[in-house]
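Colleague: Okay, here's the prediction I keep looking at, along with the sequence it came from:
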Amino acid sequence: MSILKTVGILCLAGGLLIVAGAIGTGYYLHRPPDTIGAPVTLFVEPGMTLSQVAGFLENEQIVRHAGWFRVFARYKKVDNQIRVGRYRIEPGTSIEDILETLVTGRGGGNRVTLPEGLTIPEMAHILKTKADIDSAAFVTMAYDPNMARTLDITAPSLEGYLFPDTYYFYREMPAEAVIREMVALFEEIFTEEYKAQAIQLGFAIHEIMTLAAIVEQEAQIEEEREIISGVFHNRLRIGIKLEADPTVQYGLGDPNMRLYTKHLSDSSPYNTYVHAGLPPGPICSPGKASIHATLYPKKVPYLFFVARGDGSHIFSRSNREHNRARLKVKQNRT
């Protein structure tokens, strides 16, 4: 056998040994430690990094090596998806199961669903009921302009910026931690594409969120959302007052109250029957569909709409058409 062939065989053998060793090491690091003990409680707070989580798990002997946990999380493309929560992790749990728990939030707390269109006090009530979150602290912080500045929200409060979604909040979780997670999700939803589109329309983000909140309250049927947005854009463009009932209700302090003619002359800055243009800020927290519809309104010839009473609307081009539509709706209701 030639020397070159011998060297080749030795190199091949050496390479195989290295690969086998790497596989063996990976397999060893991937397995949970052979420990028996009590479950570990992991608190994942807002702003906590994957390295911090991995380090905690290694120190508590839940995983063999923090670095391997980070590498595997990146391999699975979930390294930036770990959710805030309080997790109970049993010794012997696989890395796959740990990551699934941390990414889905299941078991990390109480499942709390905050629907689209809620105000800060309405959210606070649900948080108190479902997860025993301090509602008074939540309301105070959410309305605090300093809190908004801390979170880089250019607005006088966080009304409209607490993104509606289903969360997993552990009981008595600090109100600030709850707020930070909700705002973080808003920032994730309001993408660079959305920011660019807002600039294209000539709107600031706060103006988009203010209009999106009105669209959220007015649109009851999904297929009408972009049409209603288009109507409001048309009115803003030519300087007609928005005349949106939900803004009046918000200004009066009751988003669910029944309005009468006398209420339409209320002096609140949120009353779009009295004041032209947009109100000072959002009247609720809009969902992604309403934000999208506000950024991408449908091009329509309409300037008015009236609710039929079943969630749908009649759209009109002129005040004359609108008055006829209102009369028709009134007759159908009697």
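Modeller: Here it is on my side, so go on.

Colleague: What is the burial count for the closest residue to Pro269 other than its chain neighbours?
Modeller: Distances taken as C-beta to C-beta, 6 or more residues apart in numbering place Pro280 nearest to Pro269, at 5.3 Å, with adjacent residues excluded. Quick note: C-beta positions are derived from backbone N, CA and C, even for glycine. The number of residues packed around Pro280, counting by other C-beta atoms under 10 Å, is 16.

Colleague: Ok, Gln331 next?
Modeller: 8.

Colleague: That one should be in a helix, yeah?
Modeller: Yes. Residue state for Gln331 (DSSP: H, G, I helix; E, B strand; the rest coil) corresponds to a helix.

Colleague: Pull the contacting residues for it.
Modeller: Taking C-beta atoms under 8 Å, 6 or more residues apart in numbering as the contact definition, Gln331 lies against nothing.

Colleague: Show the model's pLDDT score for it.
Modeller: At Gln331, the pLDDT value in this model is 86.

Colleague: Which residue ranges of this structure form helices?
Modeller: 3-30, 50-59, 66-75, 95-104, 120-131, 135-143, 145-150, 175-189, 192-201, 205-218, 225-238, 245-251, 288-295, 319-333 (DSSP state H).

Colleague: Of those helices, which is nearest Asp165?
Modeller: Set against Asp165 and scored by C-beta to C-beta, the helices of the chain come closest in helix 175-189, at 6.0 Å.

Colleague: List of residues touching that closest one?
Modeller: Contacts of helix 175-189 (C-beta under 8 Å, 6+ apart): 45-47, 83-84, 114, 127, 133-134, 137-138, 141-142, 147, 151, 153, 158, 161-163, 165, 167, 169, 288, 291.

Colleague: which ones are touching Ile157?
Modeller: Residue 157: Ser, not Ile. Taking C-beta under 8 Å, 6+ apart, one finds Ile120, Ala142, Tyr143, Asp144, Pro145, Ala148, Gly281 in contact with Ser157.

Colleague: re earlier: any idea which of the helices of the chain scores lowest on pLDDT?
Modeller: helix 3-30 (a mean of 48).

Colleague: one step back: and Tyr273, which of the helices of the chain is closest to it?
Modeller: Per C-beta to C-beta, nearest to Tyr273 of these: helix 245-251, 6.4 Å.

Colleague: give me phi/psi at Gln61?
Modeller: phi 60, psi 40 (degrees, to the nearest 10).

Colleague: chain center to stretch 97-116: distance?
Modeller: 14 Å (C-alpha atoms, centre = their mean, to the nearest Å).

Colleague: same deal with stretch 65-82?
Modeller: 23 Å.

Colleague: Repeat that for stretch 322-334.
Modeller: The answer for stretch 322-334 is 38 Å, by C-alpha atoms, centre = their mean.
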